[in-house]
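A.B. asks: Structure of the sequence below:
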Amino acid sequence: MATGNNCFRYLDAQNKIDILQGMEDWEKDTTLVSWYIRVQDKEFKDFDIEDICRSIRQGFYVEYILPYAMKYLKGNVLAGEKYDGELLVALNSLRKEYPNKLNKYKKTIKSMIKDKIHTVEDEDIIKAANEWFNI
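C.D. replies: Model (predicted):
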C-alpha cells in the first residue's frame with residue numbers, strides 16, 4: 001500500500017469518497033474496476049502512460065495527474081499506449097470539462113504540438129491539435 005499522498009486511495013480518503021463504491025453496480029470484473037483496484041495504491045509518479053491516459057479519460061483527480069501527463073507529453077508529444085497521440089487526445093477531451101485546470105499548461109502544449117504536428121497523419125490527433133490552437 002502506498003504511504004504517500006499522491007495516490008487514489010489517499011485522495012479518496014481525504015475527499016471522503018470511495019470511487020469503488022460508486023462502481024458497485026458494475027460487474028467487479030470490468031476492466032475499469034480491475035484497473036482502479038490495481039492502481040489505487042500506486043504513486044502517480046509510477047503511473048505508466050496507460051494509467052495517465054485512463055485517469056484523464058475517466059476524470060479521476062485530473063489536477064493531480066496533469067503534471068505527470070505533461071512529463072510524458074514533453075518526452076513525446078505523440079505519447080500513448082493504445083495509439084500514437086492517445087495522451088494528446090485525452091488532454092483535448094479535458095478542454096471543455098476542466099478548462100481552468102489546463103490553463104497553466106496551454107502554452108507548453110501548444111508549443112509542443114506546433115513543433116510536431118507536421119509529422120502526424122492521424123485525423124483524431126490533427127483534430128485535437130487544431131482545437132488546441134483555437135483555445
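A.B. asks: Can you name the helix or strand that the residue nearest to the spatial centre of the chain falls in?
C.D. replies: In the chain, the C-alpha nearest the mean C-alpha coordinate belongs to I56, at 2.9 Å (Cα atoms, centre = their mean). For I56, the host element (DSSP states H and E) is helix 49-58.
A.B. asks: buried set for the helix or strand that that helix is followed by?
C.D. replies: Scanning forward in sequence from helix 49-58 by DSSP H and E, the next helix or strand is helix 62-75. By neighbour count with 16 or more other Cβ atoms under 10 Å, helix 62-75 contains the buried residues 62, 64-66, 68-70, 72-73. Every residue, glycine included, has its C-beta placed from N, CA and C.
A.B. asks: what packs against helix 62-75?
C.D. replies: Applying 3 or more Cβ pairs under 8 Å, 6 or more residues apart in numbering; DSSP states H and E, one finds that helix 62-75 contacts helix 49-58, helix 86-97, helix 99-102, helix 106-116.
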